[in-house]
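Novice: Dropping a prediction and its sequence here:
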Number of protein chains: 2
Amino acid sequence: MKKDDKNRVTVEIYGQPYKIVGNAPIDHMKTVARYVDDKMEEIAKINPSLDTAKLAVLSAVNIADEYLRLKKEYEELISHMKKGEWQ
Amino acid sequence: MKKDDKNRVTVEIYGQPYKIVGNAPIDHMKTVARYVDDKMEEIAKINPSLDTAKLAVLSAVNIADEYLRLKKEYEELISHMKKGEWQ
C-alpha cells in the first residue's frame, strides 16, 4: 500500500481513542479533539443521565451552533468590507 | 413552574428526536440540527461500520475543525482591520 503524506494522530475523546487522519498539523488535530472532549464533559455535567451517543450528538449541535453563528458574522463582515463600509 | 421565554423545538438527528431549548430563533435551531444530521450521514457513508456514538463524536470533531479554522481566520481578519491594513 502506498503511503500518503497525511498526518495521523490518536487522540482520546471522552475516554475513547480515535485515530484522526488529515492534512492539518498534528497540533491543530489535538486542539480540535480537546475542544470536543471539553464540550462533552461540559454537557455531561449538566445532563449526567445522557448516554454517550446522545451526549456526542448534543455536543455536535452545540459546536455547529457556534460555527454557523460565526460563519454568518464572518460573511456579514466580508460583505460590509466589499461595500467599503470599513475604512 | 415558571415558564421562561426560551424557544423549544424537537428536531430529528440521525433518526432520533432531540429537544433543543435556547434563545436562538427556531429556524436557526433547525438549521443547526440539519447541519449535524447531514454531517453524520456523510461520515456514516464513508465509515458504515461505526456505531452511533463514535459517528457522533467524529461528526463533532469534523464540525469543531471547521469552527476552529474559521475562528482563526476571523480573528486574523479583525486583527488586520484594527491595524488598518484593509482600506
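Specialist: Sure, I can see it.

Novice: Below-threshold pLDDT in chain A: ranges please.
Specialist: A:1-3, A:85-87 (pLDDT under 70).

Novice: which residues of it fall in helices?
Specialist: Along chain A, counting by DSSP state H, helices occupy A:26-46, A:52-82.

Novice: The longest one close to chain B?
Specialist: Spelled out, it's helix A:52-82. Yes - for helix A:52-82, a contact with chain B is found by C-beta under 8 Å from any C-beta of the partner chain, at A:52-54, A:56-61, A:63-68, A:70-71, A:73-74, A:77, A:81. Quick note: C-beta positions are derived from backbone N, CA and C, even for glycine.

Novice: Now do the contacts for residue A:48.
Specialist: By C-beta atoms under 8 Å, 6 or more residues apart in numbering or on different chains, the contact list for residue A:48 is empty.

Novice: now the residue in chain A that chain B sits nearest to, nearest residue through space, not along the chain?
Specialist: Taking C-beta to the nearest C-beta, chain B has its nearest neighbour within chain A at residue A:56, 3.4 Å off. Spatial nearest neighbour of residue A:56, chain neighbours left out: residue B:56 (3.4 Å); criterion: C-beta to C-beta, 6 or more residues apart in numbering or on different chains.

Novice: Which of the helices of chain A sits closest to residue B:33?
Specialist: Comparison of the helices of chain A against residue B:33 by C-beta to C-beta identifies helix A:52-82 as nearest, at 6.5 Å.

Novice: which of the residues in the closest one are buried?
Specialist: For helix A:52-82, the neighbour count (16 or more other C-beta atoms under 10 Å in any protein chain shown) marks A:52-68, A:70, A:74, A:77 as buried.

Novice: name the helices or strands packed onto that helix?
Specialist: Helices and strands touching helix A:52-82, by 3 or more C-beta pairs under 8 Å, 6 or more residues apart in numbering or on different chains; DSSP states H and E, are helix A:26-46, strand B:16-22, helix B:26-46, helix B:52-82.

Novice: Thank you kindly, that will do.
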